[in-house]
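Novice: What follows is a predicted structure for the sequence shown.
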2 protein chains.
Amino acid sequence: MPVIVQKYGGTSVGDAARIHAVADRVVRAREQGYDVVVVVSAMGDTTDDLMNMAHDLSPIPNPRELDMLLTAGERIAMSLLAIAINERGHRAASYTGSQAGIITDSRHGNAKIIDVRPGRILEAVEQGNIVIVAGFQGVSATADVTTLGRGGSDTTAVALADALGAEFCEIYTDVPGVFTADPRVEPSARMLHAVSFEEMLELAASGAKVLQSRSVEYARRSGVLLHVRSSFSDEDGTWVTEEDERMEQALISGVASDATEAKVTLQDVPDRPGVAATIFRAVADEGVNIDMIVQNVSHQGRTDVSFTAPKADLARLRTVMDRVSEEIGANGFQMDDGVAKVSLVGAGMRSHPGVAADMFAALAEEGINIEMISTSAIRVSCVVRAADADRAVRAIHAKFNLAEEVTAREVH
Amino acid sequence: MPVIVQKYGGTSVGDAARIHAVADRVVRAREQGYDVVVVVSAMGDTTDDLMNMAHDLSPIPNPRELDMLLTAGERIAMSLLAIAINERGHRAASYTGSQAGIITDSRHGNAKIIDVRPGRILEAVEQGNIVIVAGFQGVSATADVTTLGRGGSDTTAVALADALGAEFCEIYTDVPGVFTADPRVEPSARMLHAVSFEEMLELAASGAKVLQSRSVEYARRSGVLLHVRSSFSDEDGTWVTEEDERMEQALISGVASDATEAKVTLQDVPDRPGVAATIFRAVADEGVNIDMIVQNVSHQGRTDVSFTAPKADLARLRTVMDRVSEEIGANGFQMDDGVAKVSLVGAGMRSHPGVAADMFAALAEEGINIEMISTSAIRVSCVVRAADADRAVRAIHAKFNLAEEVTAREVH
């Protein structure tokens, strides 16, 4: 039988009623003729609750032990789901990340999958079991339990879909799919039927929370077809796949905003080789993920260097910036956590140079000031005041007529 | 360094404050020069909570999956304790039953330990770690997670103490030790400094809840010295050990009562060879643990056969008894769940035949009727009305002057 992988997030297994609903859905897929491998996250707020218990005992919990603790969450969810499926007269067996052969490096709290050895899962599938696997977790070469970091369950699902040669990987979540904008911000936002891996990556990096970048990157690399859909409905959601003919004609996939980052600006940085390397090596050594980096042309041998970084990392960054600023001879630095990033993403914009200009015009017409700009082949991002973010999303959404299903050809 | 094993029950790790207190105690043992291996139960009511979640989904949860679920409880407790110890600047690492090499048979929910392979634990100890191990759980030959049944964490601790050649095994609980009677029933009850494995076994089987029979049996077989003590105090508790000279002189260890069992009587059973075997084979095949069995001399080729069994198993027993009663040609059966078993335990009674008589006299003086009697070399048990149990305990406690520390020599 063909194999499919289904992944259910924490909201989808949040209580007994929802676990029953998931069990029904899993059984339905089974009865439609699939071998089903299910990846689950921890129920509801379990992970946060466990994290709080750890922090009650230690401000910086031992990372190995924190991973051991957090993995209890998926263990509970997966065995409960297996119990519910067995109750329906189907055979289901649950496996931890370690039992499922999810081999990772040993970076506790943010481990990377380095191998998948699905022998035991395959055997269970061949014996007729519906297999439930704990998301978010793996095991290192030293046989220690690891976790994959935020959104790790999506990555588990994709990695298993790849290793098992699954037909596709369904990501069940609490929204119907990927939208042209956050429907809570722009009510006319339209769900996309399909989106390319590259666009999904840019959307994820731009603040669309439906999928984490890592899992999309894994799917892109391994060619796993993703289907993002709601666990509360039977409607099709959004397919994430290779860019195809039809998709190339779509100019824009969507507009997203992200208010979780702050803007950091090093002032009057001497413009000489190696300065940027010094700055960003120091930041990287702190383990801080930076996003946009902007450095403009210099005046009298000096320039400002700006970047965005997670607000959660600002305290650590301050220490680094104090040191780096002195080391490179800059005139201090500023941190601004009142910003948001608004991004327009679309594979079609590669061949339409007017997109960025249209986006800037939309913001200008709303009187919204642009503080930083960064572009990729399929994305334009602007940093604006956080208070302007929702208005910016709506203005851009309207400018590109995203509420209507249009193609590049029709627009230009 | 000498190794000791400490086991902490669910009450002892019930919240953050108590986990801190346990961490302090573990660190203190470490600083006194011991390599410490700690076995923990799940926090407070966690196991019951998880059990209820499973029963919300299925009246009879799949046993393999129920074990997977329940083992999350110790996982949480052990990693939190390891986090608290690391926070104190000591290195601690936690291990699941599987990682700790607790190999069991595959009887989910009530697995027996068949081997302990402590290689990984020993390595961690040699590297200077305080090692925390999840109690109550193991792994079967098919690499499935198992649980050891009620009181399983005590057995885990004893098994590890044996495998590691520990100096002794401390069982931390919420009472100071083993008493001559339940202090809530008899306020003058006295804590015992020492008790033999055999007496402890009889006391556990008679309703003393401080230690489970299985762990005591394991300790007796392997010669592991047990120390039962309170996690809320630094006072010494009760040592459970080989019977020695001093102990032989003590007539009685204590009196215990147990109201968890019911009395089942098969009436007018034909007295011919093989009848008892038929009855108790059928009961055993249902997995029901029976305790006292009493069959008196027969009249006109017929006799009554009575036994006690857990009240929780009465529904299952009824089906068996219906069948067996017909098969052997008995005149039906009665079940009585209004009884309690009161037992007097003491190694010294072997050489003092008057003990049973004194016990019966104590009950007679209180006007308490005895419904069944069963004796072993170091125990006398009487089944009485449940309502009379506490009064019976107090009467017997007084009759044998158990509030005073006396020896056999002084009594007789």
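Specialist: That came through fine.
Novice: shaky segments in the stretch 301-412 of chain A?
Specialist: A:353, A:406-412 (pLDDT under 70).
Novice: run the last query once more with 80
Specialist: Applying pLDDT under 80 to the stretch 301-412 of chain A flags residues A:348-354, A:375, A:377, A:405-412.
Novice: Tell me where it has strands.
Specialist: In the stretch 301-412 of chain A, the segments counted as strands under DSSP state E, counting those that start in this stretch are A:302-310, A:333-336, A:339-345, A:372-376, A:379-385.
Novice: Of those, which is nearest chain B?
Specialist: Comparison of those against chain B by CB to the nearest CB identifies strand A:302-310 as nearest, at 24.2 Å. From N, CA and C alone the C-beta is placed, and that goes for glycine too.
Novice: So which bits of that closest one are buried?
Specialist: A:303, A:304, A:305, A:306, A:307, A:308, A:309 (16 or more other CB atoms under 10 Å in any protein chain shown).
Novice: do the same with stretch A:191-207
Specialist: A:191-192, A:194-207.
Novice: of all these, which comes closest to residue B:359?
Specialist: Compare each of these with residue B:359 using CB to CB and the shortest gap goes to residue A:204, at 75.9 Å.
Novice: What values do phi and psi take at residue A:329?
Specialist: With angles defined as degrees, to the nearest 10, residue A:329 sits at phi 80, psi 30.
Novice: That one: what's it in contact with?
Specialist: With contact set as CB atoms under 8 Å, 6 or more residues apart in numbering or on different chains, residue A:329 has these partners: A:269, A:270.
Novice: still on that earlier bit, looking at the strands of the stretch 301-412 of chain A, which is buried most?
Specialist: strand A:339-345 (a mean of 27; mean count of other CB atoms under 10 Å in any protein chain shown).
Novice: Could you pull up the residues touching residue A:391?
Specialist: Residues near residue A:391 by CB under 8 Å, 6+ apart: A:366, A:368.
Novice: Distance check, the residue nearest to residue A:379 when sequence neighbours are not counted against residue A:299.
Specialist: Distance criterion CB to CB, 6 or more residues apart in numbering or on different chains; nearest residue to residue A:379, sequence neighbours excluded, is residue A:202 at 4.3 Å. Residue A:202 is 32 Å from residue A:299, where distance means CB to CB, to the nearest Å.
Novice: quick check: longest helix of chain A.
Specialist: Longest helix in chain A by number of residues (criterion: DSSP state H): helix A:63-87.
Novice: Look up phi and psi at the residue with the largest distance to the centre of chain A.
Specialist: Note on chain A: the largest C-alpha distance from the chain mean falls to residue A:300, namely 41.1 Å (CA atoms, centre = their mean). Here is the backbone geometry of residue A:300 (degrees, to the nearest 10): phi 50, psi 40.
Novice: So for it, what's the pLDDT?
Specialist: Note for residue A:300: predicted pLDDT of 81.
Novice: ok now do it, which residues does it touch?
Specialist: Contacts of residue A:300 by CB under 8 Å, 6+ apart: none found.
Novice: next one: residue A:363
Specialist: A:342, A:369, A:370, A:382, A:384, A:392, A:395, A:396.
Novice: What is the nearest of those residues to residue B:107?
Specialist: Closest to residue B:107, out of all of those and judged by CB to CB, is residue A:342, at 59.8 Å.
Novice: Residue A:386 is in contact with the closest one, correct?
Specialist: No: between residue A:342 and residue A:386 there is no contact under CB atoms under 8 Å: 10.3 Å.
Novice: give the contact list for the residue nearest to residue A:379.
Specialist: Contacts of residue A:202 were listed using CB under 8 Å, 6+ apart, and they are A:343, A:345, A:376, A:378, A:379.
Novice: Okay, and the beta partners of the second one?
Specialist: To tie it back to what came earlier, the one meant is residue A:345. When bridges are called by DSSP bridges, residue A:345 pairs up with residue A:254, residue A:379.
Novice: To residue A:75, which of the strands of the stretch 301-412 of chain A lies closest?
Specialist: Closest to residue A:75 of the strands of the stretch 301-412 of chain A is strand A:302-310 (CB to CB; 28.9 Å).
Novice: Give the other helices and strands that the closest one contacts.
Specialist: Secondary-structure packing of strand A:302-310 (3 or more CB pairs under 8 Å, 6 or more residues apart in numbering or on different chains; DSSP states H and E): strand A:261-270, helix A:275-285, strand A:293-295.
Novice: can you do 7 Å?
Specialist: When contacts are defined as 3 or more CB pairs under 7 Å, 6 or more residues apart in numbering or on different chains; DSSP states H and E, strand A:302-310 packs onto strand A:261-270, strand A:293-295.
Novice: Show me what that strand is in contact with.
Specialist: Here strand A:302-310 makes contact (CB atoms under 7 Å, 6 or more residues apart in numbering or on different chains) with A:260-271, A:276, A:279, A:288-297, A:317, A:341, A:372, A:383.
Novice: repeat for stretch A:142-161
Specialist: Looking at what lies outside stretch A:142-161 - CB under 7 Å, 6+ apart - the contacts are A:5, A:7, A:9, A:37, A:39, A:41, A:64, A:67-68, A:70-71, A:97-98, A:102, A:104, A:106, A:108-111, A:113, A:116, A:118, A:133, A:135-140, A:169, A:171, A:211-212, A:214-215, A:218-219, A:224, B:99.
Novice: buried residues in it?
Specialist: Applying a neighbour-count criterion of 16+ other CB under 10 Å, one finds A:144-149, A:151-161 buried in stretch A:142-161.
Novice: Let's see which of the residues you listed end up in strands.
Specialist: A:145, A:146, A:147 (DSSP state E).
Novice: Can you give me the pLDDT of the residue lying closest to the last one once chain neighbours are set aside?
Specialist: For residue A:147, ignoring the flanking residues on the chain, the nearest one in space by CB to CB, 6+ apart is residue A:67 at 4.7 Å. Note on residue A:67: pLDDT of 97.
Novice: cool, and residue A:211?
Specialist: Residue A:211 is assigned a predicted lDDT (pLDDT) of 86.
Novice: same deal with the one 10 residues further on?
Specialist: Listed pLDDT for residue A:221 reads 90.
Novice: quick one: contacts of the helix or strand containing it?
Specialist: Applying DSSP states H and E as the criterion places residue A:221 in helix A:213-222. For helix A:213-222, the external contacting residues (CB under 7 Å, 6+ apart) are A:151, A:154-155, A:158-159, A:162, A:197, A:200-201, A:204-205, A:226, A:240.
Novice: Looking at those, which is nearest chain B?
Specialist: The closest of the contacts of helix A:213-222 to chain B turns out to be residue A:159 (CB to the nearest CB; 20.6 Å).
Novice: quick one: pLDDT of that closest one?
Specialist: You'll see residue A:159 listed with a pLDDT of 97.
Novice: measure it to residue A:221 for me?
Specialist: Using CB to CB, residue A:159 is found at 10 Å from residue A:221.
Novice: do residue A:170 as well
Specialist: From residue A:170 to residue A:221 the distance is 19 Å (CB to CB).
Novice: Show the low-confidence segments of the stretch 1-150 of chain A, by residue range.
Specialist: Along the stretch 1-150 of chain A, segments meeting pLDDT under 80 span A:150.
Novice: Going along the chain, name the helices of it.
Specialist: A:16-31, A:46-57, A:63-87, A:119-126 (DSSP state H, counting those that start in this stretch).
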